[in-house]
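# coordinates for the following, if possible.
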Amino acid sequence: MTTLLILIIILALLFDFVNGFHDAANSIATVVSTRVLTPLQAVLMAGSANFIAYFIFELHVADTVAKTVHAEHINLMVILAGLIAATVWNLFTWWMGLPSSSSHTLIGGFAGAGIANAGTFNAISLDKIRVILLFIVLAPLIGMVISYFFSLGTMYLCRKLSPHEVDGAFRKLQVGSAAFFSLMHGGNDAQKVVGIIAAALIAQNQITDLKHIPNWVPFSCYVAIGLGTMMGGWRIVKTMGHKVTKLTPFEGFAAETGGAITLLVTGKLGIPVSTTHTITGSIIGTGMLRRVSAVRWGVTISLMWAWIFTIPISAMMGALFFYIGSHLG
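Residues are numbered from 1 along each chain as shown. Just a heads-up that it's a prediction; the model follows:
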């Protein structure tokens, strides 16, 4: 391996680690805000579930990410620039407490650097980008609809129980739903970094395609995201768990289950959706069950602006870092 390739792999795993603590809120905000688990218990559970996903999921999402930019326009500088752009944006939004999408910043940075290298938008796979852009809208909507109707069905089944009995039952069940969502989070997000490392290895003729990727690559990615999640991301936990809507254990259970089902289906289809968008939509769905005004729409709209700008800003930064790296090189 060349020095630059080793640097890219290290930076990719660093991004994966940052992704973990940036997106820890997605997995644990609800279970912490309802005080079912302490923050320490929650991050240990979520980080462990992130890693366990390594033994369960096939690399469908990784394959999509690796092919976002056409192979003939990928070189190590493209990948390095994309990773730097994604890491910078992730750290900035974490510092600001904005739950932006780690998935979209990685894809945006990668695509922007690829376009800068080729000098044309034809460098990117428009079919894959269109699906990713479509699911910026669809993922939270699907999570919202699933959690809303899941909540309705669960409420009907529990209609004969007292509020105290419901609260006690769902405090136990929410631990399972949080672990389920964390498992889906690991299976979805770690694969995106697997795809980036695979693209780098293919560009250097280390492997021919994703099917021949060494086992240490996905293993390392799942370890990195799990450790990152265990570090937590408390600024974003506060936004997700308290500012969007006030949650009960029942609502937390419904939101996590709805979000996890959405991630499971999209992961099987190889669509790299945002876990951030998905869980936010799911939280909104449960909040709307009480009344539409239960959702703090001012906070939600500010989150949506962060979602809208993530890909274009990351793409511009990816292009900028590519130009800088090319001139320095």
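# next up, phi/psi of the residue of the chain positioned farthest from its centre, please.
The centre of the chain is farthest from one residue, Lys160, which by Cα atoms, centre = their mean lies 37.6 Å away. For Lys160, the backbone dihedrals (degrees, to the nearest 10) come out as phi -90, psi 0.
# residue contacts, it?
Residues counted as contacts of Lys160 (Cβ atoms under 8 Å, 6 or more residues apart in numbering): none. In short, each C-beta sits where N, CA and C put it, glycine included.
# for it, give its distance to Val166.
Distance from Lys160 to Val166, counting by Cβ to Cβ, to the nearest Å: 10 Å.
# over to Val61?
Val61 is 36 Å from Val166, by Cβ to Cβ.
# these two: which is more packed in?
Using other Cβ atoms under 10 Å as the criterion, Val61 and Val166 rank with Val61 on top: 27 against 17.
# ok, the more buried one touching Leu269?
No: with contact defined as Cβ atoms under 8 Å, Val61 and Leu269 do not form a contacting pair (9.1 Å).
# quick check, pLDDT for the residue farthest from the centre of the chain.
We have a pLDDT of 84 for Lys160.
# how about Val295?
Per the predicted model, pLDDT is 50 at Val295.
# 55 is where my numbering starts, stick with that
I'll keep to 55 as the first residue from here, and by that count the last item is Val349.
# and the helices in the stretch 205-354 of the chain?
217-257, 270-285, 288-292, 303-322, 329-344, 351-382 (DSSP state H, counting those that start in this stretch).
# which residue comes closest to Asn104 once chain neighbours are left out?
Excluding the flanking residues, the one nearest Asn104 by Cβ to Cβ, 6 or more residues apart in numbering is Gly240, at 3.3 Å.
# could the helices of the stretch 205-354 of the chain be laid out in CSV, adding distance to Phe105?
Formatted as CSV, the helices of the stretch 205-354 of the chain follow (distance: least, Cβ to Cβ, whole Å):
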stretch, distance to Phe105
helix 217-257, 7
helix 270-285, 4
helix 288-292, 20
helix 303-322, 16
helix 329-344, 16
helix 351-382, 26
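# among the ones you listed, which comes closest to Asn176?
Proximity to Asn176 (Cβ to Cβ) singles out helix 351-382 among the helices of the stretch 205-354 of the chain, at 14.9 Å.
# burial measure for Gln229, as a count.
You called it Gln, but residue 229 is Val. Val229 has 19 nearby residues by other Cβ under 10 Å.
# kindly report the same for Thr174.
Thr174 has 10 neighbours, counted by other Cβ under 10 Å.
# and it, how far is that from Ala116?
According to Cβ to Cβ, Thr174 stands 26 Å off from Ala116.
# again, but for Gly240
Distance, Gly240 to Ala116, by Cβ to Cβ: 13 Å.
# so for those two, which sits in the more crowded spot?
Each of Gly240 and Ala116 has its neighbours counted (other Cβ under 10 Å); Gly240 has more, 31 against 27.
# so the more buried one touches Tyr108, yeah?
Yes: between Gly240 and Tyr108 a contact is recorded at 7.5 Å, counting by Cβ under 8 Å.
# now the common contact residues for these two.
Counting by Cβ under 8 Å, 6+ apart, the contacts common to Gly240 and Tyr108 are Tyr276.
# hang on, isn't Phe304 packed against Phe224?
Yes: taking Cβ under 8 Å as the definition, Phe304 is a contact partner of Phe224 at 4.4 Å.
# rank the helices of the stretch 205-354 of the chain by pLDDT, which is bottom?
Across the helices of the stretch 205-354 of the chain, helix 288-292 gives the lowest mean pLDDT, at a mean of 52.
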